[in-house]
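Colleague: build me a structure from this.
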Amino acid sequence: MTESVDVVLIGGGIMSATLGTLLHELQPDWKIVTYERLHDVALESSNAWNNAGTGHAALCELNYMPEGADGKLDPAKAVQINEQFQQSRQLWASLVQAGILDEPKTFINATPHMTFVQGEKDVAYLKKRYEVLKKEPLFAGIEYSEDSRVIHQWAPLLMKRRRRGVPFAATRVPAGTDVDFGALTHQLFDHLKDNGVQVFTNREVRGLKQQKDGTWLIRSRDTIGGTPRQLKSRFVFVGAGGWALKLLQRSGIPEIKGYGVFPIGGQWLKTSNPALVSQHKAKVYSQASVGAPPMSVPHLDTRVVDGDASLLFGPFATFSPKFLKNGSMFDIVGQVRPSNLWPMMKVAIDNPSLLTYLVGELLKNHHAKVDSLRTFMPTAKDEDWELLGAGQRAQVMKRDPKKGGVLQFGTEVVTSADGTIAGLLGASPGASTAVSIMLGLLKTCFPDQIAAWEPRLEKLIPSYGRSLNVDPAVARASVTQTAQVLAISA
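Modeller: Residues are numbered from 1 along each chain as shown. Have a look, this model is predicted:
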């Protein structure tokens with residue numbers, strides 16, 4: 001007889017870990033099972049070296065606040081991203097206080113977030129952005145300067161031997177963070193396993209089929225030995241990175257029709273040279289190159305992984321047809337369906353600058369990549385930096401009634417009409433906003449339970465159901481409280 005469970009989580013990343021944690025807190029009697037096809041959890045996009053570790057709060061990322069055709073800047077998206085990250089911080093703080101997560105420094109560290117730009121146009125934009133954001137409660141404390149002496153105090157490596165004549169400017173928010181999502185994911189799954197949640201590694205899901213009673217039959221196999229297995233579940237979450245598209249297509253739900261993904265890989269320049277690391281404690285973002293996707297915005301980052309600090313610069317785009325680092329060379333072809341063929345072709349037609357950008361990135365050798373770094377750090381030496389592979393990102397392509405097809409940057413949850421299966425597509429700022437994304441999924445997929453769950457959610461996430469940014473005192477109190485619990489006061 002086939003075993004039946006309440007929830008199956010496919011993929012051992014931060015999304016499944018977050019949803020599993022929330023569901024266990026809300027419904028501890030439910031039987032939850034997790035499948036991960038690799039030998040451990042957090043080996044793909046959630047791995048510390050496969051992402052930037054930026055606690056995405058729109059403090060430094062310019063793509064969340066583009067300049068409109070009329071020259072105006074709308075802070076709405078930036079505020080939304082910040083609100084979402086605050087919910088993540090609040091949940092993590094609650095879990096630290098409950099002893100579910102380890103010492104905060106094992107997964108989160110205070111790291112100022114900066115933006116650095118050059119040229120009159122970008123300087124004017126950054127100043128305008130600063131003037132808008134400083135009025136928003138969640139961005140209180142943002143600083144702006146065009147003074148080389150001030151910027152040198154903030155981040156010395158940006159200013160050393162910088163040529164005069166080109167205007168530059170920077171903003172800084174001391175309250176930024178660096179997050180090790182790999183460590184966080186491991187800690188969440190460790191707690192789940194200690195409390196009866198089954199986490200199977202080396203287990204690959206091969207098929208999803210809905211039964212007449214509404215449950216899902218999940219067929220899987222062991223990647224070592226090939227033993228086939230199956231079980232039934234009332235609800236399925238597909239948090240399998242780029243492979244989420246493949247599995248949702250196999251499920252046959254009509255909601256996935258018209259979707260495709262475009263895989264973009266990445267590389268970092270990394271240094272662990274103590275003389276350099278000691279001079280730079282910040283995540284410094286700038287403007288993306290023409291045609292570059294938002295996830296390729298150049299940044300020079302402090303990273304803290306397993307207690308050791310290093311610097312990363314990048315990412316540099318690479319191309320592979322795989323949807324995951326450990327994917328298949330046939331992924332990009334295997335996704336093609338009659339329903340998504342035209343949307344994907346239209347995306348290719350409408351985005352020639354992206355293809356030009358990718359070709360240019362692929363032609364860069366090590367020296368050329370360090371040259372790109374020298375726009376940030378004029379004193380950079382080739383020999384101090386090594387290349388490190390980053391994760392694969394599967395950018396969403398989908399049908400659009402007006403354009404035929406669009407390339408979408410960000411994340412999107414695709415849910416069946418009956419709410420019994422949902423999957424996450426897309427990339428940044430996914431990990432940082434995982435809590436907000438999963439709260440939205442709970443409302444959509446569990447409408448009969450959500451009202452009874454809300455009192456517990458409000459204890460775990462105090463700002464649940466309301467905005468922090470509307471009241472300066474409330475925003476300040478919330479940010480200060482979580483900073484104290486997480487030991488990330490600047």
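
Colleague: which strands or helices does the one helix or strand Glu454 maps to pack on?
Modeller: Secondary structure from DSSP states H and E places Glu454 in helix 450-460. If contacts are counted by 3 or more Cβ pairs under 8 Å, 6 or more residues apart in numbering; DSSP states H and E, helix 450-460 sits against helix 14-26, helix 76-97, helix 434-445. Just so you know, the C-beta spots here come from the backbone N, C-alpha and C atoms, and that holds for glycine as well.

Colleague: please redo it, this time with the cut-off set to 7 Å
Modeller: Contact here means 3 or more Cβ pairs under 7 Å, 6 or more residues apart in numbering; DSSP states H and E; on that basis helix 450-460 packs against helix 14-26.

Colleague: show me what the next helix or strand after the helix it packs on is packed against.
Modeller: Per DSSP H and E, the first helix or strand lying C-terminal to helix 14-26 is strand 32-35. When contacts are defined as 3+ Cβ pairs under 7 Å, 6+ apart, strand 32-35 sits against strand 3-10, helix 14-26, strand 198-200.

Colleague: just send these back as JSON lines, with mean pLDDT, mean neighbour count and distance to Gly327 too.
Modeller: Formatted as JSON lines, these follow (pLDDT from 0 to 100; neighbours: other Cβ atoms under 10 Å; distance: least, Cβ to Cβ, whole Å):
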{"stretch": "strand 3-10", "mean pLDDT": "97", "mean neighbour count": "19", "distance to Gly327": "15"}
{"stretch": "helix 14-26", "mean pLDDT": "98", "mean neighbour count": "25", "distance to Gly327": "17"}
{"stretch": "strand 198-200", "mean pLDDT": "97", "mean neighbour count": "16", "distance to Gly327": "20"}
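
Colleague: between these, which one is closest to Ile224.
Modeller: Nearest of these to Ile224, taken as Cβ to Cβ: strand 198-200 at 11.7 Å.

Colleague: identify all contacting residues around whichever helix or strand comes after the closest one.
Modeller: Per DSSP H and E, the first helix or strand lying C-terminal to strand 198-200 is strand 203-210. With Cβ atoms under 7 Å, 6 or more residues apart in numbering as the test, strand 203-210 has contacts from 10, 35-37, 216-223, 236, 247, 250-251.

Colleague: below-threshold pLDDT in the stretch 51-200 of the chain: ranges please.
Modeller: Applying pLDDT under 70 to the stretch 51-200 of the chain flags no residue at all.

Colleague: Pro167: what's it in contact with?
Modeller: If a contact means Cβ under 7 Å, 6+ apart, then Pro167 has Gln118, Gly119, Glu120, Val123 as its contacts.

Colleague: how near is the second one to Val166?
Modeller: It refers to Gly119. According to Cβ to Cβ, to the nearest Å, Gly119 and Val166 sit 7 Å apart.

Colleague: before we move on, the earlier item: of the contacts of strand 203-210, buried ones?
Modeller: Ile10, Tyr35, Glu36, Arg37, Trp216, Ile218, Ser220, Arg221, Val236, Leu247, Arg250, Ser251 (16 or more other Cβ atoms under 10 Å).

Colleague: now render those as TSV, adding secondary structure and distance to Ala394.
Modeller: Listed next are the buried ones among the contacts of strand 203-210 as TSV, based on DSSP: H, G, I helix; E, B strand; the rest coil; distance: Cβ to Cβ, whole Å:
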residue	secondary structure	distance to Ala394
Ile10	strand	15
Tyr35	strand	19
Glu36	coil	18
Arg37	coil	16
Trp216	strand	23
Ile218	strand	22
Ser220	strand	21
Arg221	strand	23
Val236	strand	19
Leu247	helix	12
Arg250	helix	16
Ser251	helix	17
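
Colleague: how much space between Met65 and Leu184?
Modeller: Separation of Met65 from Leu184 (Cβ to Cβ) stands at 27 Å.

Colleague: more neighbours: which of the two?
Modeller: The neighbour count for Met65 versus Leu184, taken as other Cβ atoms under 10 Å, is higher for Leu184 (26 against 21).

Colleague: host element of that one?
Modeller: Element membership of Leu184, judged by DSSP H and E, is helix 181-194.

Colleague: where do the strands sit along the stretch 251-400 of the chain?
Modeller: Assigned by DSSP state E, counting those that start in this stretch, the strands in the stretch 251-400 of the chain fall at 259-271, 283-285, 299-305, 308-318, 386-389, 393-400.

Colleague: what packs against the last one?
Modeller: Packing contacts for strand 393-400, counted by 3+ Cβ pairs under 7 Å, 6+ apart, involve strand 259-271, helix 338-350, strand 404-408, strand 421-426.

Colleague: deepest of these, which one?
Modeller: Mean neighbour count (mean count of other Cβ atoms under 10 Å) peaks for strand 421-426 among these, with a mean of 26.

Colleague: between strand 259-271 and that one, find me the angle.
Modeller: Going by axes from the mean of the first three to the mean of the last three Cα atoms, to 10 degrees, strand 421-426 is angled at 50 degrees with respect to strand 259-271.

Colleague: give the partner strands of strand 421-426 in its sheet and their orientations.
Modeller: strand 228-238 (parallel), strand 411-415 (antiparallel) (DSSP bridges).

Colleague: and of these, who's closest to Asp448?
Modeller: Here strand 228-238 is closest among those (Cβ to Cβ), at 12.0 Å.

Colleague: so which of the strands paired with strand 421-426 comes closest to Gln267?
Modeller: Nearest to Gln267, of all the strands paired with strand 421-426, is strand 411-415, at 22.5 Å by Cβ to Cβ.

Colleague: I'd like the mean pLDDT over the closest one, please.
Modeller: Mean pLDDT, computed over strand 411-415, is 94.

Colleague: and it with helix 434-445, angle?
Modeller: Computed by the same axes, to 10 degrees, the angle between strand 411-415 and helix 434-445 is 20 degrees.
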